[in-house]
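Asks: Sequence unavailable; structure follows:
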């Protein structure tokens, strides 16, 4: 995956695991320049009674998964994923 700085045009290439960018329904968003937010279980978004999907946060700089705190009092943010141009799914993640 290439990250291009919009101001300078500088390009940095990162290796991203196949399971993040796999299949027709890729659900990935940037939280910031270093962190990718993605749905771990792409099937869970299809279950209407299931209001939360499993997600992970992947850090490009070191290739590690971030394990955000989701217990107790947590400030949540929202993101909407476009699923292949035919559907959308709202997701929330800890700030």
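Replies: Now that the structure is in, tell me what you want to look at. Remember, predicted model here, so these are calculated numbers, not experimental data.

Asks: Find the helix or strand that the residue nearest to residue 17 when sequence neighbours are not counted is a member of.
Replies: Distances taken as Cβ to Cβ, 6 or more residues apart in numbering place residue 58 nearest to residue 17, at 7.4 Å, with adjacent residues excluded. Any C-beta I mention is one placed from the backbone N, CA and C, and that applies to glycine too. Taking DSSP states H and E as the definition, one finds residue 58 inside strand 55-59.

Asks: Quick check: can you name the pairing partners of that strand and their directions?
Replies: Paired neighbours of strand 55-59 in the sheet (DSSP bridges): strand 35-39 (antiparallel), strand 64-66 (antiparallel).

Asks: In TSV, list these along with mean pLDDT and distance to residue 82.
Replies: Output for the strands paired with strand 55-59, formatted as TSV (pLDDT from 0 to 100; distance: least, Cβ to Cβ, whole Å):
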stretch	mean pLDDT	distance to residue 82
strand 35-39	82	12
strand 64-66	87	23
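
Asks: Return the most buried member of those strands.
Replies: Neighbour counts (mean count of other Cβ atoms under 10 Å) averaged over each of the strands paired with strand 55-59 peak at strand 35-39, with a mean of 20.

Asks: what comes into contact with that strand?
Replies: Strand 35-39 is contacted from outside by 16, 20, 26-31, 45, 53-60, 66, 79, 81, 89, 91, 93, using Cβ atoms under 8 Å, 6 or more residues apart in numbering.

Asks: Before I go, just wanted to say thanks for your time.
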